[in-house]
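A.B. asks: Give me the fold of what follows.
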Amino acid sequence: MLCLSGLSVALALALALLPGTTAALRDGQCEVCVTFLGKFYQSLQDNNVKFTSADIEKAIVKTCKDAKSKENRFCYYIGATSDAATKMINEVSKPLSYHVPVEKICEKLKKKDSQICELRYDKQLDLSTVDLKKLKVKDLKKILEEWGESCKGCAEKSDFIRKITELMPQYAPTAAKARTDL
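C.D. replies: I've put the predicted structure just below:
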């Protein structure tokens with residue numbers, strides 16, 4: 001009997017010490033949430049916005065209109081886009097009005113919707129050293145999309161590469177200069 005109760009105490013301790021049961025964020029978790037809300041909080045301070053829940057909500061919606069890719073997906077999850085199905089924007093605006101750290105806000109959002117913390121930024125390519133010929137067409141299209149450009153009439157990989165090298169001085173001048181020095 002004593003052995004059984006000792007076993008249950010050991011099991012309870014083991015469950016309490018499991019890493020998945022704590023709410024604190026680990027490094028790299030909620031990358032998009034922490035980064036986006038950090039930049040957003042800083043922009044609120046820089047623009048001297050009143051830290052009221054209503055003003056913060058308006059500012060989030062305005063900021064989310066210009067958000068792209070993963071940040072736009074984050075805005076969708078919290079309900080700050082026009083096509084969002086849920087509305088959790090107050091879960092962000094209210095804590096921000098009390099100057100709660102963005103990491104804590106992201107922890108609470110993770111409890112509400114785990115998808116928020118699954119968002120990750122795409123790896124950035126170093127255009128000065130990467131061999132464009134070895135990239136997939138999908139990656140070449142992504143480069144053009146990040147620049148806000150498209151390649152109409154591009155049928156082959158070489159067409160996309162030509163377009164990127166054409167536009168590189170405009171969008172990535174340091175990379176274009178490094179490539180001409182090679």
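A.B. asks: can you give me the helices for this protein?
C.D. replies: 2-16, 31-46, 53-65, 69-78, 90-97, 102-112, 115-118, 137-146, 157-171, 173-181 (DSSP state H).
A.B. asks: Could you point out which of the ones you listed sits nearest residue 129?
C.D. replies: With C-beta to C-beta as the measure, helix 173-181 is the member of the helices of the chain nearest residue 129 (7.6 Å). Where you see a C-beta, it was placed from the backbone N, CA and C, and this is true even at glycine.
A.B. asks: got the buried residues for the closest one?
C.D. replies: Using 16 or more other C-beta atoms under 10 Å as the burial criterion, the residues of helix 173-181 that qualify are 175-176, 179.
A.B. asks: could I get those as TSV with distance to residue 57?
C.D. replies: Converted to TSV, the buried residues of helix 173-181 look like this (distance: C-beta to C-beta, whole Å):
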residue	distance to residue 57
175	39
176	41
179	45
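A.B. asks: Any chance of a markdown table for the helices of the chain, columns distance to residue 126 and mean pLDDT?
C.D. replies: A markdown table is the format used below for the helices of the chain (distance: least, C-beta to C-beta, whole Å; pLDDT from 0 to 100):
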| stretch | distance to residue 126 | mean pLDDT |
| --- | --- | --- |
| helix 2-16 | 44 | 43 |
| helix 31-46 | 20 | 93 |
| helix 53-65 | 28 | 92 |
| helix 69-78 | 19 | 91 |
| helix 90-97 | 33 | 93 |
| helix 102-112 | 28 | 93 |
| helix 115-118 | 26 | 90 |
| helix 137-146 | 12 | 88 |
| helix 157-171 | 13 | 91 |
| helix 173-181 | 7 | 76 |
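A.B. asks: Switch those over to JSON lines; also include distance to residue 125.
C.D. replies: As requested, the helices of the chain are arranged in JSON lines below (distance: least, C-beta to C-beta, whole Å):
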{"stretch": "helix 2-16", "distance to residue 125": "43"}
{"stretch": "helix 31-46", "distance to residue 125": "18"}
{"stretch": "helix 53-65", "distance to residue 125": "26"}
{"stretch": "helix 69-78", "distance to residue 125": "14"}
{"stretch": "helix 90-97", "distance to residue 125": "31"}
{"stretch": "helix 102-112", "distance to residue 125": "27"}
{"stretch": "helix 115-118", "distance to residue 125": "23"}
{"stretch": "helix 137-146", "distance to residue 125": "7"}
{"stretch": "helix 157-171", "distance to residue 125": "11"}
{"stretch": "helix 173-181", "distance to residue 125": "9"}
